[in-house]
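[1] Fold the following for me, if possible:
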Amino acid sequence: MGAFDTPERPRIFSGPNLLLICIVLLFCVFGIRLWYLQIYKNDFYTSRAQENRTRQSTMFSPRGIIRDRDGVLLAENTPAYALALVREDCPDIPKTLDQVSRWTGQPRDELEKVFEIGRKRVKHFDEQVIVPNIPFELVALVEAHRLDWPGLTIAVRPKRSYAYGPTLAHVLGYVARANEEELNDDPDLQLGDDVGKQGVEYVLERRLRGAKGLEEFEVDASGRVLSSRIVTQPVKGEDLSLSVSLSLQEVATKALDGRAGSVVVMDANTGEILAQVSLPSYDPNEFVVGISHAKWKELLEDPEHPMQNRPVQSAYPPGSVFKLVVGGLALESGSVTPATTVFCSGSYKLGERSFRCWNKGGHGLVDFKKSLRESCDVYYYQLGERLGVNAISDYATRCGFGVRTGVELPHERSGNMPTAEWKLKRFGEKWQRGETLNYSIGQGYTQTTPLQVARFVAALVNGGKLLRPTLLATASPDVIGELPMKASTRKLILDAMVATVEEDRGTARLLRRTGIRIGGKTGTAQVVKLMDKYEKKKTQEIPYKYRDHAWLAGFAEKDGRRYVAVAMVEHGGHGGSDAGPVVAAVFDALFGVQQGN
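    As a prediction, this is how the structure comes out:
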């Protein structure tokens, strides 16, 4: 080294210094990581640690039971088992789902879909229901292989049971597994929960469901339960008493004799529905356990529509039952008096067209009472011409037709009380005078439900009060309006209805009973205009789909008790002969009349 050479400085990244730097950086990384875990993520990992030590389980609340007005149990809860999965305890979820598919016979892709939907909703270490309502044999099989398939558990929960199946299916409805939309809409629901889908079960879901409870368990490292405590007690759903009488429901069902149609029986004083039959029916218990695709398709494609709740979801032409409304309007407007007569020759001519009466020989001179007693069409054709379409529609609407009743049932139809404006808007066509004649006898575009008819007749009987029909036992009627007619008009209509039963030429003579004041109005509603080859045929000789609907709306009163019964037999033929026996059977049951008396 020369005299003027500078000494070589030690390099910073030489061996000892580099080692020191690495050690410092390592401690910095450890320090930052410890800060991140212990301070920044403290709440998160504290929660996870707590979840490893404590687990929570939902305590299912029993659904409220449903009884009839006499205390008969209609819907109850029975113990049921579900196959559930705890994700954190399951080492191989795909393999476990394969095994569940083999045990249950359910498609593997469906189980995968259920699992993926549920995993977003279920908390850590909580049970996720994979298959609800499994048989006890499968429970025993799962328990026997529990060590082989960790994570699989059996969840015990209440299952709905309907003791009388099809008899009350359309009133009670049914519960079934909540779908994804229902789960999204209701934060209180969990995967595998049952909810009301139809009937009272659907409309009163919140009252019937109750509230779940919560139980907390302390576990050791192997998952064994060391202790438990109830965090929140489950709250049982509300028990309900319906206004329906099971025994009367069975009488009305039997009287309908398997034919497609409806029966509505109402207490005219309170609006309580004592029976409501819709046939054909279905078994709601099949939906509780999970209905098969084949059975569901069969129900949907059945031409008689067993899922349809006919008293509220089916709207029909009311036929001659509608003459009660048109007659009331005519009296109220002064278009006729009780003594005004019309001559019926068997037809009525409007322009070049003849509108026939059901009695081709004619009824002769007809006054108001006779017009209802013998159901003369010509009398009402002439009233229709005088009153006009819009007046009839307005009056019928104020009588409760064409509007929903508000009964505790879903998807209620409003029906239709047409106007000239309605037709123009709907079809782009002007209203024709002949259509008003059809309207006056409850044909054409006119549509109503059996429940609307029952409410109207009840109002005639109870002093003019339009009540909200109810399926719940009640002591306080819900009055939602008044009939737009004077007491004298109602009396004239009711007296004519009684004459229809009591007098020899009345069309509802079959209802006559000693000691009971009974009135009725028959109706035969044309479904389609019959071809000439069928016009002279008997009902049984006409193809089913071409036969007329048969109506009978009646009331019966004795000792302050007032009841209304409406029967509508689809394609039944004639009101008096086909719907009449159904109403007669109902009144016999209500007043304890022995058959044959």
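
[2] What are the boundaries of the helices in the stretch 451-597 of the chain?
    Ranges of helices in the stretch 451-597 of the chain, per DSSP state H, counting those that start in this stretch, are 487-502, 580-591.

[3] now, of the ones you listed, which is deepest in the fold?
    Greatest average neighbour count among the helices of the stretch 451-597 of the chain goes to helix 580-591 (a mean of 23), per mean count of other CB atoms under 10 Å. C-beta: built from backbone N, CA, C; applies to glycine.

[4] start to end distance for stretch 293-312?
    27 Å (CA to CA, to the nearest Å).

[5] Determine the longest helix present in this protein.
    helix 15-35 (DSSP state H).

[6] For it, output the C-alpha coordinates as PDB.
    Extracted in PDB, the C-alpha atoms of helix 15-35 (Å, rounded to 0.1, in the frame of the first residue of the first chain):
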ATOM      1  CA  GLY A  15     -21.300 -10.700   6.600                       C
ATOM      2  CA  PRO A  16     -21.800  -9.600  10.200                       C
ATOM      3  CA  ASN A  17     -23.800  -6.500   9.300                       C
ATOM      4  CA  LEU A  18     -26.000  -8.400   6.800                       C
ATOM      5  CA  LEU A  19     -26.800 -10.900   9.500                       C
ATOM      6  CA  LEU A  20     -27.700  -8.200  11.900                       C
ATOM      7  CA  ILE A  21     -29.900  -6.500   9.400                       C
ATOM      8  CA  CYS A  22     -31.800  -9.800   8.700                       C
ATOM      9  CA  ILE A  23     -32.300 -10.300  12.400                       C
ATOM     10  CA  VAL A  24     -33.700  -6.800  12.900                       C
ATOM     11  CA  LEU A  25     -36.000  -7.200   9.900                       C
ATOM     12  CA  LEU A  26     -37.200 -10.500  11.100                       C
ATOM     13  CA  PHE A  27     -38.100  -9.100  14.500                       C
ATOM     14  CA  CYS A  28     -39.900  -6.200  12.800                       C
ATOM     15  CA  VAL A  29     -42.000  -8.700  10.800                       C
ATOM     16  CA  PHE A  30     -42.700 -10.700  13.900                       C
ATOM     17  CA  GLY A  31     -43.600  -7.500  15.700                       C
ATOM     18  CA  ILE A  32     -45.900  -6.200  13.000                       C
ATOM     19  CA  ARG A  33     -47.600  -9.700  12.700                       C
ATOM     20  CA  LEU A  34     -48.100  -9.800  16.500                       C
ATOM     21  CA  TRP A  35     -49.600  -6.300  16.400                       C
END
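
[7] quick one: average confidence on it?
    Mean pLDDT, helix 15-35: 76.

[8] And that helix, how far out from the chain middle?
    71 Å (CA atoms, centre = their mean, to the nearest Å).

[9] circling back to that earlier point, now render the helices of the stretch 451-597 of the chain as a markdown table, adding distance to A155 and mean pLDDT.
    Formatted as a markdown table, the helices of the stretch 451-597 of the chain follow (distance: least, CB to CB, whole Å; pLDDT from 0 to 100):
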| stretch | distance to A155 | mean pLDDT |
| --- | --- | --- |
| helix 487-502 | 58 | 97 |
| helix 580-591 | 44 | 96 |
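
[10] for the ones you listed, which one sits closest to G173?
    helix 580-591 (23.1 Å; CB to CB).

[11] Summarise which helices and strands the closest one is packed against.
    Counting contacts by 3 or more CB pairs under 8 Å, 6 or more residues apart in numbering; DSSP states H and E, helix 580-591 packs against helix 246-256, strand 261-267, strand 517-525, strand 549-558, strand 561-569.

[12] 7 Å instead?
    helix 246-256, strand 549-558, strand 561-569 (3 or more CB pairs under 7 Å, 6 or more residues apart in numbering; DSSP states H and E).

[13] what's the angle between the second one and helix 580-591?
    Calculated by axes from the mean of the first three to the mean of the last three CA atoms, to 10 degrees, strand 549-558 forms an angle of 20 degrees with helix 580-591.

[14] Next, the angle from strand 549-558 to strand 517-525.
    Using the same axes, to 10 degrees, strand 549-558 lies at 170 degrees relative to strand 517-525.

[15] Going forward, the N-terminal residue is numbered 190.
    From this message on, residue numbering opens at 190, which makes the last subject strand 738-747.

[16] I'm done for today, thanks for sticking with me.
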